[in-house]
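Student: the sequence and its predicted three-dimensional model are supplied below.
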Amino acid sequence: MKKLLLVSPSFPKDVSDSYVIPFLQHVFLAFKEKYPELELTIVAIHKPISENYLWHGIRVIPLKGNNVKHPWKLVFLCRAFFKLYRLISKEKFDGILNFWYNDFSIFTHAIHSNTFTWMLGQDVRKSNVYLRMFQPNPNNIMALSEFNNNVLFETAKIRAHKVIPIAINEKLFPELNRGTRNIQVFGAGNLNSVKNYRLFLEIILELKSTFPNIKTEIAGMGEEESSLKDFVKANQLEHNVTFLGMISHQATLEKMNDSLVFLHPSTFEGGPVVYFEALYSGCQLVGMLPMMDKTLENFHCHQSKTDIVNKIKHLLKTPIPAKRVTYYPMDYVCQEIYELYFKSE
């Protein structure tokens with residue numbers, strides 16, 4: 001049996017953790033289904049804080065880092081690297097796939113010849129100290145999008161040899177709502193400065209002058225939640241904006257299925273899964289980042305607040321019938337990963 005080791009910063013413990021990196025969960029399940037002859041092992045670097053367990057029949061080995069900071073991080077890394085080295089030596093994996101470029105990526109590339117890293121987000125930016133200090137071989141890394149790869153070039157003057165894009169598990173979605181949608185504008189993500197939900201609320205405030213009863217919901221939690229709620233209160237938006245907190249992935253998909261417009265004002269993304277979930281859910285997607293490498297129906301990319309407000313006004317005044325829009329199928333993503341390791345088969 002062929003064996004692959006997958007190294008991720010965190011991983012869900014059970015079904016209640018559906019919000020923990022849902023994209024990777026979907027990839028792993030689809031990969032396992034498509035290639036049953038492969039034995040997968042997942043190493044979860046920081047979370048959960050748990051003993052080894054099985055997730056849908058896949059062995060998960062937590063290293064229990066719990067986002068430890070210096071100076072204790074050095075102690076954790078020594079122990080974790082030793083444990084990982086023993087595991088790799090014992091199991092004789094055919095290959096290793098790292099998610100995000102970090103200290104564990106550097107270590108696994110050094111000890112196993114058939115190692116790749118999928119750069120999935122802000123690890124392509126100048127803020128990634130590991131990228132600045134230990135520049136990877138372009139032949140051993142993949143980008144999540146052309147946008148992601150362009151930022152990598154700006155940062156390190158290299159390009160990943162391959163782009164493996166986002167995909168979604170279409171089986172998870174409810175039946176497409178072609179009727180009335182009760183949420184005019186929906187948003188989902190971490191409530192932090194990068195996701196830019198202050199701009200989201202400023203846009204809703206302007207839209208309220210045209211649509212006084214506009215209904216907006218936001219799913220997610222984060223360090224800016226308190227200040228965002230203060231903004232809502234200060235601008236009398238309590239009847240227009242509802243904060244849902246952290247809800248399950250399935251509940252998020254249900255909300256998308258009841259929404260006309262999905263607004264994603266994030267200032268940076270590796271490749272936002274919510275873009276493609278919203279499009280497949282029949283939403284009109286309004287975002288600030290040109291994430292796709294091909295033109296997609298129902299995606300509206302605008303950088304200025306004025307343009308975003310005007311676009312959403314038009315979409316709410318003249319609603320477009322809901323339809324599913326697909327970017328790349330999950331089967332394609334699984335095949336691209338498989339062929340990194342087993343090209344000749």
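Tutor: Now that the structure is in, tell me what you want to look at. Numbers count the residues shown, from 1 in each chain.

Student: state the pLDDT value of residue 137.
Tutor: Note on residue 137: pLDDT of 96.

Student: excluding sequence neighbours, find me the nearest residue to it.
Tutor: Spatially, and ignoring its direct neighbours in sequence, residue 137 is nearest to residue 109 (7.8 Å; C-beta to C-beta, 6 or more residues apart in numbering). Where you see a C-beta, it was placed from the backbone N, CA and C, and this is true even at glycine.

Student: any regions of the stretch 201-345 of the chain where pLDDT drops low?
Tutor: Applying pLDDT under 70 to the stretch 201-345 of the chain picks out residues 270-271, 291, 293-294, 344-345.

Student: pull the distance from the helix or strand harbouring residue 132 to the chain's centre.
Tutor: Here residue 132 sits within helix 129-133, counting by DSSP states H and E. Per C-alpha atoms, centre = their mean, to the nearest Å, the displacement of helix 129-133 from the mean C-alpha position of its chain is 22 Å.

Student: which parts of that helix are buried?
Tutor: Buried residues in helix 129-133, counted by 16 or more other C-beta atoms under 10 Å: 130, 131.

Student: got it, and stretch 240-256?
Tutor: Going by neighbour count (16+ other C-beta under 10 Å), the buried part of stretch 240-256 is 240, 241, 243, 244, 247, 249, 252, 253, 254, 255, 256.

Student: and the residues you listed, which of them are in strands?
Tutor: When DSSP state E is applied, the buried residues of stretch 240-256 are split such that 241, 243, 244 fall in strands.

Student: disregarding residues adjacent in the polypeptide, which is nearest to residue 224?
Tutor: Among residues not flanking residue 224 along the chain, residue 191 sits closest, at 4.8 Å (C-beta to C-beta, 6+ apart).

Student: typo on my end, it should be residue 158
Tutor: Once flanking residues are discounted, residue 158 sits nearest to residue 138: 4.8 Å by C-beta to C-beta, 6+ apart.

Student: picking that back up, so how many other residues sit close to the residue nearest to residue 137?
Tutor: 21 (other C-beta atoms under 10 Å).

Student: what's it in contact with, if anything?
Tutor: Going by C-beta atoms under 8 Å, 6 or more residues apart in numbering, residue 109 touches 98, 115, 117, 136, 137, 140.

Student: which strand or helix spans it?
Tutor: Per DSSP H and E: helix 103-111 holds residue 109.

Student: ok, then the element right after that helix?
Tutor: Proceeding N to C from helix 103-111, the next assigned helix or strand is strand 115-119, under DSSP H and E.

Student: just give me how far that next one sits from the chain centre.
Tutor: On C-alpha atoms, centre = their mean, the centre of strand 115-119 falls 16 Å from the chain's centre.

Student: returning to what we had before: okay, angle between the helix holding residue 109 and strand 115-119 too, please.
Tutor: Interaxial angle of helix 103-111 relative to strand 115-119 (axes from the mean of the first three to the mean of the last three C-alpha atoms, to 10 degrees): 150 degrees.

Student: pLDDT of helix 103-111, averaged?
Tutor: Helix 103-111 carries an average pLDDT of 96.

Student: residues of it that come out buried?
Tutor: Within helix 103-111, the residues that count as buried by 16+ other C-beta under 10 Å are 104, 105, 106, 107, 108, 109.

Student: columns distance to residue 263 on top of those residues, output as a markdown table?
Tutor: Formatted as a markdown table, those follow (distance: C-beta to C-beta, whole Å):
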| residue | distance to residue 263 |
| --- | --- |
| 104 | 35 |
| 105 | 33 |
| 106 | 37 |
| 107 | 40 |
| 108 | 38 |
| 109 | 39 |
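
Student: how about residues contacting the helix holding residue 132?
Tutor: Residues outside helix 129-133 that contact it (C-beta under 8 Å, 6+ apart): 101, 102, 103, 105, 106, 123, 124, 125, 126, 155, 156.

Student: so what's the second one up against?
Tutor: Read that as residue 102. By C-beta under 8 Å, 6+ apart, residue 102 lies in contact with 9, 123, 128, 130.

Student: so which of those residues is the most crowded?
Tutor: Of all those, the most densely surrounded is residue 123 (24 neighbours; neighbours counted as other C-beta under 10 Å).

Student: wasn't residue 6 part of a strand?
Tutor: Yes. Under DSSP: H, G, I helix; E, B strand; the rest coil, residue 6 sits within a strand.

Student: quick check: it touching residue 97?
Tutor: Yes. Taking C-beta atoms under 8 Å as the definition, residue 6 is a contact partner of residue 97 at 5.2 Å.

Student: any idea how the protein splits into domains?
Tutor: Domain assignment for the chain, taken from automatic domain parsing, gives 2-167+329-341, 170-317.

Student: having no further points to raise, I will conclude here.
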